[in-house]
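K.L.:
I need the structure of the sequence given here:
(one chain, ligands or ions: 2)
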Amino acid sequence: MNFDAFDKAIDSIRNYADKHHHNKEEDILFKKMADELGEAVAKGPIYGMFADHDLGRLFIKNLQEALNRVKEGEEDSKVDIIGNAIAYTDLLYRHIDKEDNAVYKFGETRLSKEALKEVEEKCEKVETEAREKNIQDKYLKLVEEMESIAF
Ligand SMILES: [Fe+2]
Ligand SMILES: [Fe+2]
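P.N.:
Ligands and ions are numbered 1, 2, ... in the order given. So this is what the prediction gives:
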């Protein structure tokens, strides 16, 4: 089993997808939508997005723990690696579809021009700070590398 490939996948999920990307959503866009578009939006679709992010963190935590057990020789835990990897992948495909086709579109049409401008500026600041730490390049290279390796 290629543990190194799993370690790299978990690194990119935790530090790019979650820390970098999800934080922009949670701290900037979804926060703005929750603040400006009313309680029904905050407690409905936005809550759903936060819940998806949280469930994803659980699957990755369980995946990491299963990997650790297999590394220690517990062969039966391979089934937990498969289960959590599939659960995370399915969750993320569905989550991205909801964001692309519903939540982002809703925010784009319902938020004021000023709010959208503020969201854009704050996100650009996060991107600039990340570029200074080479985050985007690091994880783009990692994705290219992972596309050519077998798990
Ligand atoms: Fe998200
Ligand atoms: Fe997203």
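K.L.:
check contacts around Gly38.
P.N.:
Contact partners of Gly38, counting by Cβ atoms under 8 Å, 6 or more residues apart in numbering, are absent. All C-beta atoms are positioned from the backbone trio N, CA, C, and that covers glycine.
K.L.:
distance of it relative to Ile10?
P.N.:
The spacing between Gly38 and Ile10, counted by Cβ to Cβ, to the nearest Å, is 37 Å.
K.L.:
and Tyr16, by the same measure?
P.N.:
From Tyr16 across to Ile10, the span is 11 Å (Cβ to Cβ).
K.L.:
comparing the two, which residue is more hemmed in?
P.N.:
Applying other Cβ atoms under 10 Å to Tyr16 and Ile10 shows that Tyr16 carries more neighbours, namely 19 against 16.
K.L.:
any idea how far Phe106 is from that one?
P.N.:
Going from Tyr16 to Phe106 by Cβ to Cβ gives 25 Å.
K.L.:
which stretches of this structure have low pLDDT?
P.N.:
When the per-residue scores of the chain are filtered using pLDDT under 70, the ranges that remain are 150-151.
K.L.:
for Glu26, which residues are in contact?
P.N.:
Residues touching Glu26, when contacts are defined by Cβ under 8 Å, 6+ apart, comprise 50, 53.
K.L.:
phi first, then psi, for it.
P.N.:
Backbone torsions for Glu26, taken as degrees, to the nearest 10, come to phi -70, psi -40.
K.L.:
which residues are in contact with Ser77?
P.N.:
Ser77 touches 66, 69-70, counting by Cβ under 8 Å, 6+ apart.
K.L.:
and which of these is nearest Glu132?
P.N.:
Taking Cβ to Cβ as the measure, Glu132 lies nearest Ala66 of the contacts of Ser77, at 35.3 Å.
K.L.:
the closest one against Glu75, yeah?
P.N.:
No - using Cβ atoms under 8 Å, Ala66 is not in contact with Glu75, being 11.2 Å away.
K.L.:
where do the helices sit along this structure?
P.N.:
If DSSP state H is used as the criterion, the helices of the chain fall at 3-12, 23-24, 30-36, 39-41, 47-71, 78-98, 104-110, 113-132, 135-147.
K.L.:
deepest of the ones you listed, which one?
P.N.:
Taking mean count of other Cβ atoms under 10 Å as the contact definition, the stretch among these with the greatest mean neighbour count is helix 30-36, which reaches a mean of 18.
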